[in-house]
Each structure stands twice: as structure tokens, then as C-alpha cells.
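Chemist: below: sequence and its predicted model.
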Amino acid sequence: MISLTINGEPRQFAKPLNCSDLLQELKLGGKRVAIERNGEIVPRSRFPEQALADGDKLEIVVAVGGG
Amino acid sequence: MKPHENLDPLVIAGKSYSSRLLVGTGKYKDFAETRAAVEASGTQIVTVAIRRTNIGQNPNEPSLLEAIPPSKYTLLPNTAGCYTADDAVRTLRLARELLDGHDLVKLEVLGDPKTLFPNVVQTLSAAETLVKDGFKVMVYTSDDPIIARQLEDIGCVAIMPLASLIGSGMGILNPWNLQIIIENAKVPVLVDAGVGTASDAAIAMELGCDGILMNTAIAVAKNPVLMASAMKKAVEAGREAFLAGRMPKKLYSAAPSSPATGLITPAPK
């Protein structure tokens, strides 16, 4: 079991996972998002390799309407 | 100069744009309306905000980038809602990754949720970090000519003073400060915030602004698509009037445009 904080919300996952797995779990697979892990940008090309660790703080963002 | 916009491009960070109107994508009823208004405005540069995504609560949420594809428009990610330099820098680093390395950004660091006035101290700090990090920074600021010059010295690619408060629609409240900023800047100056209707846009362009960024004036109009079209024309008209050079204002020495002689009745003495 690993615990992550995603966009300020605590979430638990049964198995270790990488960024791509996480996006699938969150039903965000295939969407254009950017991820910050513990204050560092995770390049989108590295989502399949970037393993997540217990206690990681993640921000997952998208583009929305704004001025 | 011929009245043809492509002969008079807006050049930002070495790239030419034929439209001098930049528009935001907030406050529309839905993405269909956003897209229709953006198309009617003739814009090439469209601002977007960067926000936390839903994390599974709403998997079928439509995406703005499907309505406003990056292949068709230059997207300008903003830092709206950021109150510190650190937050603004983090937001734009995420935006750059989100948009495949796209580095043209709009920096705004706010000072106060009531007025949305910029915090110029934090703005200067964020601009320094971003320019060093390779971003091309278009920066929202107050209409203070000294701050504008400092932002230019840091290396910002466009200076974007407010004409009045964000979302206020109060128009061009201090044309004199804008004029000083325009006269001294060597990078494009765009009015960002405060335009309420087409005449405001024309006034800003007649002052010599290089362009205008607006959102609320279009999105909150009763008919946003029609207002987008009006703004396109106002920006073009204002630009042409600026280039044409207006006639001097004269209190007296009224001069008729028609011949003063040959009247059937002589003019009074």
C-alpha cells in the first residue's frame, strides 16, 4: 500500500505505480496533463518510467479557460 | 502604409502575428461559445489558465485544448490567481511541460483578490527567474512607467500594463501613463485588462499600443461572438488611425471642409 497526496487530496493505492499507471487509475489516461512531483516537473515523456514513492506529493494540471 | 494588416505585423519575441488582438478563454458559457468568439476575434494568441485537474471525479470532462487546439493558435498560459513569484514560476514550468516546451507565457502576480492589482515586487522577482530559465515573458503590470522599464530591462518580451482593473470594463483610465510607457519601451506594449467595449480598444490602439489582451469584455457581452467581431474591428481601426496620424485638435480656427467662396448667401462677418 502506498499513500500519495494528489492535488491536495490523500489517496491510497494497493500496488507501487508509475505516473502512467496513476493517470490510468485516475481515468486521465490519454489526456494532456502535466505533473509536478515533490516540487519537480516530471517530463511527460518519462511518465511510464517515473515510479512514485510512498508520501509523494503530486500536482496534476490541465489547461482551462482563463484570461 | 497601405491599410493591410500583414504589412504591419505585431512581432513578439521574433515571431510575427497579423492580429493585434489577444483574447482570453475564461467566463464563457461553454467551449462552443469560447471557440466561436475566439474565431470571430481573428486572434492568433489565446490565453489559458493552468489548474489542478479533476482526479477521477469527472472523467468525461471536455478539454479546452480540443476547442482551442495548440496546432491552430499560439497558446499563452497565464499565472492568474498566483500571489507569489514562486507560485507563478511553478505554474509556468508546469505549463511549459504541458504544452511540449512552449515558452511564450503571460506572467501575472496578483497583490489583492479584491482589486486584482499586480504585486509588482513579486512580478519583478518572478520575471527574473523565468527569463533566466529561458521563458519568453509577456508581463501584466501596473501602468507605472518605471516598473515597466525595469521589467523590460530584465528581458520581458512584452509589457502589458492594465488600463483599469481586471474584469472592470472601466476603459482607459490613465492614457498619459500608457503613453509614457509606449514611448519609452523597445518591446511591444499591450494593454491587458480594463477594456470594456470597442471604443476602449480603439482608444488604446490610437495611443500607440502594439496590441490588446482582453477576456471579460468579450465573454460577458450579451452576444460574445458579435463583441469579438467588434473588438477585431476596433483594434484594426485604432491601429490604422494611429499609423495614419490624427489631425491636431484645435479649439478655434475652425476650418470648413467645403469651399468658403461661391455661396449663394455670403457668410456672416
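Modeler: Structure received.
Chemist: in chain A, which spans are helices?
Modeler: Shown for chain A, the helices assigned by DSSP state H span residues A:19-25.
Chemist: and whatever residue of the stretch 151-269 of chain B ends up closest to chain A, what does it touch?
Modeler: For the stretch 151-269 of chain B, the nearest residue to chain A under the criterion C-beta to the nearest C-beta is B:Asn215, separated by 3.0 Å. Where C-beta positions appear, they are placed from N, C-alpha and C, glycine not excepted. Counting by C-beta atoms under 8 Å, 6 or more residues apart in numbering or on different chains, B:Asn215 touches A:Gly66, A:Gly67, B:Val23, B:Gly24, B:Thr25, B:Gly26, B:Lys27, B:Thr47, B:Gly167.
Chemist: how about 7 Å then?
Modeler: For B:Asn215, the contacting residues are A:Gly67, B:Val23, B:Gly24, B:Gly26, B:Lys27, by C-beta atoms under 7 Å, 6 or more residues apart in numbering or on different chains.
Chemist: now for residue 57, how many residues are close by?
Modeler: All of this refers to chain A. 13 (other C-beta atoms under 10 Å in any protein chain shown).
Chemist: let's do chain B instead
Modeler: Neighbour count of B:Gln57, defined by other C-beta under 10 Å: 10.
Chemist: next: B:Ile45.
Modeler: Counted with other C-beta under 10 Å, residues neighbouring B:Ile45 total 23.
Chemist: what pairs with it across the strands?
Modeler: Per DSSP bridges, the residues bridged to B:Ile45 are B:Leu22, B:Thr74.
Chemist: ok, it - contacts?
Modeler: Applying C-beta under 7 Å, 6+ apart, the residues near B:Ile45 are B:Tyr17, B:Leu22, B:Tyr73, B:Thr74, B:Leu76.
Chemist: quick one on the thing from earlier: out of the contacts of B:Asn215, which two sit at the greatest distance?
Modeler: B:Val23 and B:Lys27 (11.3 Å; C-beta to C-beta).
Chemist: more neighbours: the two, which one.
Modeler: With neighbours defined as other C-beta under 10 Å, B:Val23 and B:Lys27 compare such that B:Val23 has more, 31 against 17.
Chemist: sorry, back to before: pLDDT check: weakest of the contacts of B:Asn215?
Modeler: Among the contacts of B:Asn215, A:Gly67 carries the lowest pLDDT, at 88.
Chemist: kindly provide the distance from that one to chain B.
Modeler: In this view, A:Gly67 and chain B are 3 Å apart by C-beta to the nearest C-beta, to the nearest Å.
Chemist: thought that residue was touching B:Leu22?
Modeler: No. The criterion here is C-beta atoms under 7 Å, and A:Gly67 misses it with B:Leu22 at 9.5 Å.
Chemist: shared neighbours, the two?
Modeler: Common contacts of A:Gly67 and B:Leu22, defined by C-beta under 7 Å, 6+ apart, comprise B:Thr47.
Chemist: which stretches of chain B aren't confidently modelled?
Modeler: B:1-6 (pLDDT under 70).
Chemist: tell me what the most centrally placed residue in chain B is bridged to.
Modeler: Nearest to the geometric centre of chain B sits B:Leu213, at 1.8 Å (C-alpha atoms, centre = their mean). Beta bridges link B:Leu213 to B:Leu22, B:Asp192 when assigned by DSSP bridges.
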